[in-house]
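# Sharing a sequence plus its predicted fold:
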Amino acid sequence: MKDSADIRKVNRHKIFTILWYGGQFSKQQLSVQTGLSIATCNTLLNEMEQAKEVIGEKKRLQDVGRETVCYKINEAYESFLCINFEVLNDMRYFTIHLLSPVGTIIEKVEKQFAILDYPAIASEVEHLLENHKNVSQILIGIPGIAKNGIIRHSDIDELENIALVSLLEKKFHIPVHMENDMHYKAYGYYCKHGKEDEIVTFAYFPTGILPGTASVHGGMIIKGRDHFAGMPGFLPFDTNRDELPALLHKETCRPFVSRTIASIITLINPGTIVFTGDLLDKDSLLWIREDCMQYIPEEYMPDFIYEDDFNSYYLAGMYHKALDLKGVI
């Protein structure tokens, strides 16, 4: 049975869940949308306003009648620091987005590195924190496996086996959450377009780099025991894994792509597969489907969708994960 502190935490989260999407709401409106009593909303909103988490402003609803206090998120109260890494043409691309509690981009930093190790990352984070003292969470997306805060099998060799989460938390005393980049992208897509009863798989095929996939069902990413799920570079192809990137070009990628997707369809049975990456385009979906149907009956084939870019879903996934974590931090 939950104690009063747990119940209060859950009730606060219900109110925040409404306010995080922006706009202003009266106590009565929040009571209706959360199912909480007006008295409970009144007590919690007074606490939130005193803590400067929300701002209350008097206004007339629909420009008529008496003024009532309407509440909105105080965007200056806290911010979320979202970091992601990417490898293109042997260069490391480092991107930081600083988000407000309602998802507004406050600041964006993009840099390019020949070597992206822990000192370089810590230096960039430290520089941003000097100018933004209200960061409450750091979220990191990596091209690799992230389990127990340690980076494994990453496209960035110098980060291999680095306990990035504990190092950053020890240095900055801010909670850090790290995920495979595809997990964030899949979650972002789900938050925007997902259906509760459908499995959606996301497949990223870049040129010259091992691809990544992620599947989501009911808002839950299928990670596996060791967060290893969705790593098609480890499938048992005839070619050595170290030699696969050389084959991942438009002229030679077809067998690898088609067999990867056929494996996903067979093992996960998704309703939709969303593709992206410069290795493919919309026309590629035709030959992928043709190849897969050599093995899989048509009635089990999922819908195929091509997206030019997953970046908007990436940031959305990180933002919504930050909101989820606020319910447990």
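Nice, I can see it.
# From here on, just use CA atoms for contacts and neighbour counts.
OK.
# Ends of stretch 105-122, what's the gap?
Stretch 105-122 has its terminal residues 21 Å apart, counting by C-alpha to C-alpha, to the nearest Å.
# next one: it to chain centre, how far?
Per C-alpha atoms, centre = their mean, to the nearest Å, the displacement of stretch 105-122 from the mean C-alpha position of its chain is 18 Å.
# So Pro206: helix, strand or coil?
Here Pro206 is coil, with the state taken from DSSP: H, G, I helix; E, B strand; the rest coil.
# contacting residues around it?
By C-alpha atoms under 8 Å, 6 or more residues apart in numbering, the contact set of Pro206 is Leu248, Gly277, Asp278, Leu279.
# Most neighbours of all these, which one?
Leu248 (22 neighbours; other C-alpha atoms under 10 Å).
# So that residue is in contact with Gly233, correct?
No. Under the criterion of C-alpha atoms under 8 Å, Leu248 makes no contact with Gly233, lying 10.9 Å away.
# Tell me which stretches of the stretch 1-150 of the chain form helices.
With DSSP state H, counting those that start in this stretch as the criterion, the stretch 1-150 of the chain has helices at 4-19, 27-34, 38-50, 118-131.
# what touches both of Leu248 and Gly233?
Joint contacts of Leu248 and Gly233 (C-alpha under 8 Å, 6+ apart) are Leu210.
# Ile199: neighbour count?
23.
# separation between it and Ala186?
11 Å.
# Spell out which residues are contacts of both of those two.
Common neighbours of Ile199 and Ala186 (C-alpha under 8 Å, 6+ apart) are Ser215, Val216.
# Tell me where the model's unsure across the stretch 51-200 of the chain.
Counting by pLDDT under 70, the stretch 51-200 of the chain contains low-confidence ranges at 61-65.
# May I have stretch 250-265 as PDB, with CA atoms only?
This file holds the C-alpha atoms of stretch 250-265, laid out as PDB (Å, rounded to 0.1, in the frame of the first residue of the first chain):
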ATOM      1  CA  LYS A 250      24.300   1.500 -52.100                       C
ATOM      2  CA  GLU A 251      25.900  -0.900 -54.600                       C
ATOM      3  CA  THR A 252      26.500  -3.700 -52.200                       C
ATOM      4  CA  CYS A 253      24.100  -3.400 -49.200                       C
ATOM      5  CA  ARG A 254      21.000  -5.100 -50.600                       C
ATOM      6  CA  PRO A 255      21.600  -8.700 -49.200                       C
ATOM      7  CA  PHE A 256      22.600  -7.400 -45.800                       C
ATOM      8  CA  VAL A 257      19.600  -5.000 -45.500                       C
ATOM      9  CA  SER A 258      17.000  -7.500 -46.800                       C
ATOM     10  CA  ARG A 259      18.200 -10.300 -44.500                       C
ATOM     11  CA  THR A 260      18.300  -8.000 -41.500                       C
ATOM     12  CA  ILE A 261      14.700  -6.900 -42.100                       C
ATOM     13  CA  ALA A 262      13.500 -10.500 -42.800                       C
ATOM     14  CA  SER A 263      15.000 -11.500 -39.400                       C
ATOM     15  CA  ILE A 264      13.200  -8.700 -37.600                       C
ATOM     16  CA  ILE A 265       9.900  -9.500 -39.200                       C
END
